[in-house]
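Asker: Here is a sequence together with a model predicted from it:
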Amino acid sequence: MISSLRRANPRTLSDSPAAFHAPLFQELLTGLDATRRHVILDLGAASTAMLALLGRSRCRVEIADLAHFGGIDHLNRAEHGPALAHAAESLLPNALPDDAIDLVFCWDLPNYLTLDALSALMAAIGRRARPGALAHALIFYADRDMKEHPGRFVPTADGELIDRSGPGAVTAAPRYSPEVLGKSMGRFVIDRARLLGNGMQEFLFRLESCGDASNH
């Protein structure tokens with residue numbers, strides 16, 4: 001089991017970013033129920049294009065932006081136990097009373113977290129989410145390398161996703177397997193997975209109720 005991230009090497013990824021089709025992402029957006037309000041947690045940075053898409057439905061969007069305010073390092077370096085749990089809670093936007101999370105966009109951030117840090121983060125999110133809430137993630141699978149820092153994925157006018165983070169140094173990708181992820185997402189369990197044309201795996205996780213989790 002991979003429990004830590006490997007060091008970056010001096011190579012860079014300089015090719016222009018290519019848009020890619022992410023069917024589970026599209027299903028999430030088209031499946032938003034227009035008759036009710038949704039609370040959405042975005043672990044990435046705010047995106048005008050993304051907010052415009054979500055604005056077509058009744059949504060309240062919470063932005064965590066873990067990549068740009070030291071959140072990833074804070075989680076990875078926190079001591080396992082109460083300190084790590086507190087670190088995870090502190091990185092989430094302040095919760096409003098009776099406003100449970102319905103949907104989480106993790107993007108590629110799980111690739112940059114240790115498994116302990118990922119577990120603590122998803123456990124913290126799970127405590128604020130309603131049973132059945134969904135979490136979407138992009139996992140490096142085919143390629144051995146990934147950018148040293150998380151991407152900035154935004155939707156295109158054609159309904160695809162594109163990484164607008166720009167070129168940079170690369171690091172070895174942990175290439176977490178579905179089995180490993182299934183044990184490291186708190187009460188979020190794998191609902192569906194797709195291998196994408198760019199070599200990434202797209203995952204959709206669903207939050208079990210406490211009763212369901214106790215039966216495993």
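Answerer: That came through fine.
Asker: Residue 159 versus the nearest residue to residue 152 once chain neighbours are set aside, what's the distance?
Answerer: Spatially, and ignoring its direct neighbours in sequence, residue 152 is nearest to residue 165 (4.2 Å; C-beta to C-beta, 6 or more residues apart in numbering). All C-beta spots, glycine's among them, are computed from the backbone N, C-alpha and C. Residue 165 sits 20 Å away from residue 159, taking C-beta to C-beta, to the nearest Å as the criterion.
Asker: Now do the longest strand along the chain: distance to the chain's middle.
Answerer: Selection of the longest strand in the chain by residue count, based on DSSP state E, yields strand 129-140. Its chain's C-alpha centre and that of strand 129-140 lie 7 Å apart, by C-alpha atoms, centre = their mean, to the nearest Å.
Asker: what does the host helix or strand of residue 179 rub up against?
Answerer: Using DSSP states H and E, residue 179 sits within helix 178-182. Outside helix 178-182, the residues within contact range by C-beta atoms under 8 Å, 6 or more residues apart in numbering are 1, 2, 110, 115, 137, 139, 189, 190, 193, 201, 203.
Asker: which parts of stretch 181-195 are buried?
Answerer: Buried positions in stretch 181-195, judged by neighbour count with 16 or more other C-beta atoms under 10 Å: 181, 184, 185, 186, 187, 188, 189, 193, 194.
Asker: which element is the fourth one on?
Answerer: What it means is residue 186. Counting by DSSP H and E, there is no helix or strand that carries residue 186.
Asker: residues contacting the closest residue to residue 23 other than its chain neighbours?
Answerer: Leaving aside its chain neighbours, residue 23 sits nearest to residue 194 (5.9 Å; criterion: C-beta to C-beta, 6+ apart). Taking C-beta under 8 Å, 6+ apart as the definition of contact, the neighbours of residue 194 are 22, 23, 24, 201, 202.
Asker: now those as a markdown table including secondary structure, pLDDT and neighbour count?
Answerer: As requested, the contacts of residue 194 are exported to a markdown table (DSSP: H, G, I helix; E, B strand; the rest coil; pLDDT from 0 to 100; neighbours: other C-beta atoms under 10 Å):
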| residue | secondary structure | pLDDT | neighbour count |
| --- | --- | --- | --- |
| 22 | coil | 97 | 22 |
| 23 | helix | 97 | 12 |
| 24 | helix | 97 | 18 |
| 201 | strand | 97 | 19 |
| 202 | strand | 98 | 22 |
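Asker: From residue 133, how far off is residue 65?
Answerer: Summarising the geometry, the distance separating residue 65 from residue 133, computed by C-beta to C-beta, is 20 Å.
Asker: Give me the more crowded residue out of the two.
Answerer: Neighbour comparison, residue 65 and residue 133: the larger count goes to residue 133, with 23 against 15 (by other C-beta atoms under 10 Å).
Asker: Tell me what the spatially closest residue to the more buried one that is not a sequence neighbour is bridged to.
Answerer: With C-beta to C-beta, 6+ apart as the measure, residue 207 is the residue that lies nearest to residue 133, at 4.3 Å, once sequence neighbours are left out. Per DSSP bridges, residues listed as beta-bridge partners of residue 207: residue 188.
Asker: Could I get the contacting residues of residue 207?
Answerer: Counting by C-beta under 8 Å, 6+ apart, residue 207 makes contact with 126, 129, 130, 131, 132, 133, 134, 135, 187, 188, 189.
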